[in-house]
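*Asks:* Need coordinates for the below:
(one chain, ligands or ions: 1)
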Amino acid sequence: MAQFQYPCPDCRTTTSLHAPDCRFDGTAWTDIEAAYIHVLSTLAEGAKREGKLREESPGRWDRLHSAALSRLRHEQRIQETPGGALELLSPAEFKEQIAVPSQEPLGRIYEEGSVPGCHDHAVFALIAYYEMVGFSWEETRERVTDWLRESGTWDRGGFEEGAPEEVVDNKRHVYARGYGWRQAAEEAAAVIERRN
Ligand SMILES: [Zn+2]
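*Replies:* Numbers count the residues shown, from 1 in each chain. As a prediction, the model looks like this:
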């Protein structure tokens, strides 16, 4: 069974088996993870009051976001300053942590690199992920370009472009449109799986 990085904000499961009375049973894990990441990435920019957090959080603030926020406060990832603002403990650490995706199957794709036949999906998924966690386009471009080189993906060939930078630039629309990463990651992972 898949394990998720963030607990369900109500029953605290990290699998798709929720407690019988859980308010979020049947909620897509993509949505649960996105709510956490929206809260964390918005606070990574600096401490702010809850009203401001709600306003600035990417996507529409809903009960899942409120629940994720209380869970994070309960677990003391977030604390309240004497002035009443919400503050993320060590924003730099959080940024480092999310720069290496750990949600599967994206974590594995990041780790192992992509292979010819799924480059499109793999690059799409990574760009969509960095956009979701709040990285700027410049940060995203740098991260994905480095990944293409360092994961061995570029050396495996199968690209029409002449350089990793071009590959990333040709997918800028993914960043601009804010697609989700999961479907592309699953398609890429299926291709990688077949080649192993
Ligand atoms: Zn639950």
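*Asks:* tell me which element the spatially most central residue of the chain falls in.
*Replies:* Nearest to the mean C-alpha position of the chain, by CA atoms, centre = their mean, lies residue 129 at 4.5 Å. Per DSSP states H and E, residue 129 falls inside helix 119-132.
*Asks:* quick one on the thing from earlier: isn't the residue nearest to the centre of the chain right up against residue 180?
*Replies:* No - using CB atoms under 8 Å, residue 129 is not in contact with residue 180; the gap is 9.0 Å. Any C-beta I mention is one placed from the backbone N, CA and C, and that applies to glycine too.
*Asks:* Give me the domain ranges for the protein.
*Replies:* What automatic domain parsing lists as the domains of the chain is 1-90, 100-195.
*Asks:* Just the CA trace of the lowest-mean-pLDDT helix or strand in the chain, in CSV.
*Replies:* When the helices and strands of the chain are compared on mean pLDDT, DSSP states H and E, helix 91-99 comes out lowest with a mean of 76. This file holds the C-alpha atoms of helix 91-99, laid out as CSV (Å, rounded to 0.1, in the frame of the first residue of the first chain):
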residue,chain,number,x,y,z
PRO,A,91,12.0,27.9,6.3
ALA,A,92,15.4,27.2,4.8
GLU,A,93,15.3,23.6,5.9
PHE,A,94,11.8,23.2,4.5
LYS,A,95,12.9,24.6,1.1
GLU,A,96,15.9,22.2,1.1
GLN,A,97,13.6,19.3,2.0
ILE,A,98,11.0,19.9,-0.7
ALA,A,99,13.6,20.6,-3.3
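*Asks:* Which positions in this protein make contact with the ion?
*Replies:* Contact residues, the chain versus the ion (CB under 5 Å from the ion): 8, 10-11, 18, 22, 24.
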